[in-house]
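A.B. asks: Here you go, sequence then predicted model.
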2 protein chains.
Amino acid sequence: MNRKTQTRDPELTRARILDAAEELFVEQGFSAVKLSELARAAEVTKSLIHHHFGSKEQLWEAVKNRAFERYFQAQMAMFEEAGEPDALLLRRSVEAYFHFLRDNPGVVRLFAWTHLEGDNHCSDLDNQLVGAGAEWIRQTQRRGLLRSDVNPTHVIAVFVMTCTQWFEAKCHHQHWPDMGSDEAFLEDFMKIFMEGVTPRK
Amino acid sequence: MNRKTQTRDPELTRARILDAAEELFVEQGFSAVKLSELARAAEVTKSLIHHHFGSKEQLWEAVKNRAFERYFQAQMAMFEEAGEPDALLLRRSVEAYFHFLRDNPGVVRLFAWTHLEGDNHCSDLDNQLVGAGAEWIRQTQRRGLLRSDVNPTHVIAVFVMTCTQWFEAKCHHQHWPDMGSDEAFLEDFMKIFMEGVTPRK
DNA sequence: GCGCTAACTGGCCGACCGGTCAATTGCCTT
DNA sequence: AAGGCAATTGACCGGTCGGCCAGTTAGCGC
C-alpha cells in the first residue's frame, strides 16, 4: 500500500483539500474564499471538493471540526500532565495557553471567524474543558491558595480572553506606544493576574 | 429647505446608505455583503451607491471611518470629564469602557472584522488615546497609587482586551458552566484587576 | 480476470456578483 | 427663464461564483 505509487488516494485527497481549505479560511474567512482558488491551492478539481465534502458550507464545518478537535486534544493533554492544584499550576496553565496560541495562530483566527458567525457548535467540548479548569480553581480556592470571592469560571474567562485577544488583535495594538513583545506583555499580565487572584489576609 | 418635501437629498441618501451598510457589514463582514442586498436595505438603487461611494471597498472604508470616529470621540469625551489620576479613576474608566462596548455591540464587531483583515488604519487616533491613558497611569504610579513594576500600556491592554473579548466572543463563553452575567463578570474582573494593579508594601 | 463501486475529470449551468453607462430629472444659480 | 450640474434611474455588462452531471478510470473483493 505505497501511497507514492498509487494514482488514487481518497484519504490523502481529503487531507489535501482540508489543509488547503484551512489555510484559506483562516486567512480570508468563509465567504471570501472561492472554491476555484481552493481547488488550485489543493491541486484538485473543483468537482472533487464537492465529491468529498458536498458543499462549501460542509467543507467549512469539516475544517472547523478538525481544527477544534486538535485544539481540545492539546488542551486536554495539558490537563493530564498537570499536578497538584495550586497557584503555580494556574500560572503555568496561563503561560502554556498563551504560548499555545502564539504557536497556533490559525486556531486563534478560526475562533475569531466562528465568533463573528455566532457559531457555538464547539461548546460541548469547551464546556468540558472549562468545567474541569474551574473545578481545579475551586479546589485551589478551598485549600486557601487562591482568593475565594471570585467565580472560578470568571477567573478562567479573564486569562483566556486576554490571551485570545492579544493574538487576535495583534495587528491593532502592536503599534501602541511603548507596547512590548509577547513575552514582555505576558510577564506584566501574569504579575497583575496572579496578584489579583492571590488571597489577602 | 425642508427635507421632507424635497425629492432629492444627497446628504440623507449618503446617510441612508452608510447606515444600512454599517448594519450589514457589522453583521456579515465585508465579503459576505452583496451590493444588491444593501441597495434594497437602504432603499436606493445600486448605481446610487457607486455614485456616492465609488466602490464596495470605498464604502467599507467610509463605514469604518465613521464608526471609528464615533468611537474615538466617545472615548475622548470620557477623558475630558475625568478628574485626578488615582486608582478610582482607573476603576471608573474600565467600567465605563466595558459599558460602552456593551451598549455599542456594532463597534465591537467592526473592530473584530478589521482585526481579521489585518487592518490598522485607525492607529493614529488610537495611539493618541492609549498614549493619554498610559500617561495617566504613569502619573498614578508616580503618586504611589498603582504598582510601578508594570508597563502602563500593558495595564491598558489587559483591560481593553478583556472587555473587548468578552463581548466579541460572547456567543462562545456565555454557555460556559457557571458563567455569570455581564455585570457579574465585570465585578469579578474588577476584583482581580484592581487587586492586581494595587501597590504592595 | 471481472465487475462493481467510488474516485476523479471536464465541461457546463443558471444565478448573480460588482460595476458601467447613457439618459432623465430635480435643484440651484444667475 | 434658462442653463448647468449633480442626483438618480434602469438597463446592461463581462466575469465568476457554487454547484451539477455525464462519463472515465483506478482499485478492490470475489
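C.D. replies: Now that the structure is in, tell me what you want to look at.
A.B. asks: near DNA strand D, which residues of chain A?
C.D. replies: Taking C-beta under 7 Å from any atom of the strand as the contact definition, chain A meets DNA strand D at A:1, A:6-8, A:33-37, A:46-47, A:50, A:55-57. In short, each C-beta sits where N, CA and C put it, glycine included.
A.B. asks: out of those, who's nearest DNA strand C?
C.D. replies: Of all the residues of chain A next to DNA strand D, the one with the least separation from DNA strand C (C-beta to the nearest atom of the strand) is A:Ser47, at 2.9 Å.
A.B. asks: Which strand or helix spans the closest one?
C.D. replies: helix A:46-53 (DSSP states H and E).
A.B. asks: tell me the contacts of the residue nearest to A:Gly29 when sequence neighbours are not counted?
C.D. replies: Distance criterion C-beta to C-beta, 6 or more residues apart in numbering or on different chains; nearest residue to A:Gly29, sequence neighbours excluded, is A:Trp113 at 5.2 Å. Contacts of A:Trp113 were listed using C-beta atoms under 8 Å, 6 or more residues apart in numbering or on different chains, and they are A:25-26, A:29-30, B:116.
A.B. asks: Give me the neighbour count for A:Lys201.
C.D. replies: A count of neighbours around A:Lys201, defined by other C-beta atoms under 10 Å in any protein chain shown, yields 2.
A.B. asks: residue closest to the middle of chain A?
C.D. replies: Averaging the C-alpha coordinates of chain A gives a centre point, and the residue nearest to it by C-alpha atoms, centre = their mean is A:Val107 (4.4 Å).
A.B. asks: need the contact list for that one.
C.D. replies: When contacts are counted by C-beta under 8 Å, 6+ apart, A:Val107 touches A:67, A:70-71, A:101.
A.B. asks: cool, and A:Ala20?
C.D. replies: Applying C-beta under 8 Å, 6+ apart, one finds that A:Ala20 lies in contact with A:38, A:41-42.
A.B. asks: what do you get for A:His51?
C.D. replies: In this structure, A:His51 makes contact with no residue, judged by C-beta under 8 Å, 6+ apart.
A.B. asks: distance of it from A:Thr45?
C.D. replies: 9 Å (C-beta to C-beta, to the nearest Å).
A.B. asks: How about A:Leu146?
C.D. replies: A:Leu146 sits 56 Å away from A:Thr45 when distances are taken as C-beta to C-beta.
A.B. asks: For the two, indicate the residue with more neighbours.
C.D. replies: Set side by side, A:Leu146 and A:Thr45 show unequal neighbour counts under other C-beta under 10 Å, the larger going to A:Leu146 at 23 against 11.
A.B. asks: That one - nearest residue in space that isn't next to it in sequence?
C.D. replies: Closest residue to A:Leu146 in three dimensions, ignoring its sequence neighbours and counting by C-beta to C-beta, 6+ apart: A:Thr140, at 4.6 Å.
A.B. asks: right, and that neighbour touches A:Ser93 too?
C.D. replies: No - contact status for A:Thr140 versus A:Ser93: not in contact, 10.9 Å apart, counting by C-beta atoms under 8 Å.
A.B. asks: quick one, which of those two is more surrounded?
C.D. replies: Using other C-beta under 10 Å as the criterion, A:Thr140 and A:Ser93 rank with A:Thr140 on top: 24 against 19.
A.B. asks: Next up, the contacts around that one.
C.D. replies: The contact partners of A:Thr140, by C-beta under 8 Å, 6+ apart, come to A:85-87, A:89-90, A:146.
A.B. asks: in which helix or strand would I find A:Leu110?
C.D. replies: Here A:Leu110, judged by DSSP H and E, is contained in helix A:105-117.
A.B. asks: before we move on, back to that, just curious, which of the contacts of A:Trp113 is nearest to DNA strand D?
C.D. replies: A:Phe30 (8.8 Å).
A.B. asks: Chain A against DNA strand C: which residues are in contact?
C.D. replies: Taking C-beta under 7 Å from any atom of the strand as the measure of proximity, chain A contacts DNA strand C at A:8-10, A:13, A:44-48, A:51-52.
A.B. asks: And the residues you listed, which two are furthest apart?
C.D. replies: For the residues of chain A next to DNA strand C, the maximum inter-member distance is 18.8 Å, found between A:Asp9 and A:Lys46 (C-beta to C-beta).
A.B. asks: Weed out the non-buried ones from the residues of chain A next to DNA strand C.
C.D. replies: When neighbours are counted using 16 or more other C-beta atoms under 10 Å in any protein chain shown, these contain these buried positions: A:13, A:44, A:48, A:52.
A.B. asks: Cheers, nothing more for now.
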